[in-house]
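K.L.:
Sequence and predicted structure are below.
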Amino acid sequence: MSDTVARRRVLLVGATGVVGTECLRQLAADDSVALVRALVRRPLADAPAKVEVVVTDMRTIESHPEFFAVDQVVCALGTTIKVAGSPAAFRAVDYELPLRVAQLARAQGATHFLLVSALGASAASGVFYNRVKGELEDALGALGFRSLTIARPSLLLGDRAEFRLGERIAQPFGFLIPPRWKPVHARQVAAALVSAGRQDLAGRCVIENIALRRHCGGTEPSALPRPF
């Protein structure tokens, strides 16, 4: 492991979500991480000593470039159209805000952006949700990060604040779902991202749902390919 990686500082956005909570826990336990800076809207209880909790209004983050002086960014922001209230509000959370974070971090010298996207993400998709996710992936790819890691999970399992019927149904009947679409636990998605950050390989890597399901927290998988 290089000295640069050993001293890496990681910005985490979406730290209170189902994947973000797992990312926070696993990053805080990773000896190769010197600092985890979590941007949140409200204080976090019992944050580990390594975690710097920054309570801020996400609408004013451009006024605080110091928040983005990190080596890597893990973005676990995400909502649904139902929770957001409208397609425009969904796009603001799942496209506009992650892209602003990426632009600000890139301007401060961050070299690796790691994103929680979605299975089927494509700018050409006829499904609005998948199209927004794909457009974000494309926009991030144009920013010039040395490394871009994209996780594309299917239905996410884990502890959520809100009820999601599809995920509740998928848990007992997951064995009937083809492998590509099987539900994946949030800790597996987090483990894949944390591992990719630790390896810090150059290029663009998309981790599809089948590969995400092979991960478990604390397990070091084989090196991930970095196809451009």
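P.N.:
Perfect, thanks for sending it. Keep in mind that what you see is a predicted model, and the values were worked out from it rather than measured.

K.L.:
Run through the helices of the chain in chain order.
P.N.:
3-6, 18-28, 81-84, 87-91, 97-107, 128-141, 165-173, 186-199, 209-212 (DSSP state H).

K.L.:
What ranges in this structure fall below the confidence cut-off?
P.N.:
1-6, 159-178, 216-228 (pLDDT under 70).

K.L.:
what's the first-to-last distance across stretch 102-119?
P.N.:
Start and end residues of stretch 102-119 are separated by 21 Å (Cα to Cα, to the nearest Å).

K.L.:
what separates it from the chain centre, distance-wise?
P.N.:
Using Cα atoms, centre = their mean, to the nearest Å, the distance from the centre of stretch 102-119 to the centre of the chain it belongs to is 9 Å.

K.L.:
for stretch 72-88, same thing?
P.N.:
Distance, centroid of stretch 72-88 to centroid of chain: 11 Å (Cα atoms, centre = their mean).

K.L.:
Endpoints of that stretch, how far apart?
P.N.:
28 Å.

K.L.:
got it, and stretch 48-59?
P.N.:
Counting by Cα to Cα, you get 26 Å between the two ends of stretch 48-59.

K.L.:
what does that stretch rub up against?
P.N.:
With Cβ atoms under 8 Å, 6 or more residues apart in numbering as the test, stretch 48-59 has contacts from 24, 28, 33-44, 47, 64, 67, 97. Yep, even glycine has a C-beta here, placed from its N, CA and C like the rest.
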